[in-house]
Structures are given as C-alpha cells and as structure tokens.
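In: Here is the input, now give the coordinates:
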Amino acid sequence: TPNTFDKEEAQNKRTEIIQELARAEEIKLSNSVCLEIASSKEYLRDAAFLAYAKSLFERINTSKGGVYILVLWRQFAWKPEGSPIKDFVLNAKEILNAERNLKIAFLPYK
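Out: Predicted coordinates for the structure are as follows:
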C-alpha cells in the first residue's frame, strides 16, 4: 500500500516530467509552476501518464522501481474516487495525448 512518502515521490516525479517537457519545448518554468501544473486536476492524470512512461524506460535500463510507480498508475488507471477504471489498458496513444495536453498547459508561459 502506498504511504505518504510514495505519494510525495509520485508528485516529485510528475513535477520532474513537467520540468523536462518544458525544457524540451525551450520554455523556462519555475519549480512552483511545474508543481502547480503537475498537481492540478486538469493535468495530474497527464503528468502521471508521462512520469509512469518515463519510469518504464528507467526500469528497462536500471531495473529500479518503487511504490511511487503504483501511485502514478492509480492516478491515471483509476477513477478519482479511488476505484480501478474497468478494462483499462495502457497504450502509447494515451501517453502521446498526455504529452500534447501538457504542452497546452505551457502556452501561457511561452
């Protein structure tokens, strides 16, 4: 079961992926703005998708993981009320849509 540390780690990973995506788009965002986007109701699921996808690549390269990955999974594969989305299947299209949505969040900062 995820604990407070795992939830904070998931939040850090979502914020980190926002920073990385903004940097790739050549947009300078403060840590507080990245945290705000990563924690917002509108973009939390998208940030969780990308952070989870990044964790998959990291696990391929280093075989490391953590319970925070379960937290990320639950942030997009579960309903906000806390139950699994029936028949949810992770796919690349959803991850790419999440990336596109987060880039939209950057528009006010360009």
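In: buried set for the helix or strand harbouring residue 5?
Out: Following DSSP states H and E, one finds residue 5 within helix 4-24. For helix 4-24, a neighbour-count test (16 or more other CB atoms under 10 Å) marks 6, 9-11, 13-19, 21-22 as buried. In short, each C-beta sits where N, CA and C put it, glycine included.
In: Show the average pLDDT along it.
Out: The pLDDT scores in helix 4-24 average 96.
In: Go through the helix or strand just after that helix and flag the buried ones.
Out: For helix 4-24, the succeeding helix or strand toward the C-terminus, using DSSP H and E, is helix 31-39. For helix 31-39, a neighbour-count test (16+ other CB under 10 Å) marks 33-35, 37-38 as buried.
In: just to revisit the earlier point, and which of the buried residues of helix 4-24 is nearest to residue 104?
Out: Of all the buried residues of helix 4-24, residue 104 sits closest to residue 21, with 11.4 Å by CB to CB.
In: what about that closest one, distance to residue 8?
Out: To residue 8, residue 21 is 21 Å away according to CB to CB, to the nearest Å.
In: Just the pLDDT at the residue of the chain most remote from its centre, thanks.
Out: Here the chain reaches farthest from its C-alpha mean at residue 110, the gap being 21.2 Å by CA atoms, centre = their mean. As predicted, residue 110 sits at a pLDDT of 83.
In: Contact partners for it?
Out: Neighbouring residues of residue 110 by CB atoms under 8 Å, 6 or more residues apart in numbering: residue 27.
In: Looks to me like residue 66 is in a strand.
Out: No: read with DSSP: H, G, I helix; E, B strand; the rest coil, residue 66 is coil and lies in no strand.
In: do you know how far it is from residue 40?
Out: Applying CB to CB to residue 66 and residue 40 gives a distance of 24 Å.
In: who's more crowded, these two?
Out: Set side by side, residue 66 and residue 40 show more neighbours around residue 66, with 16 against 12, by other CB atoms under 10 Å.
In: What does the pLDDT read for the more buried one?
Out: 78.
In: Cheers, nothing more for now.
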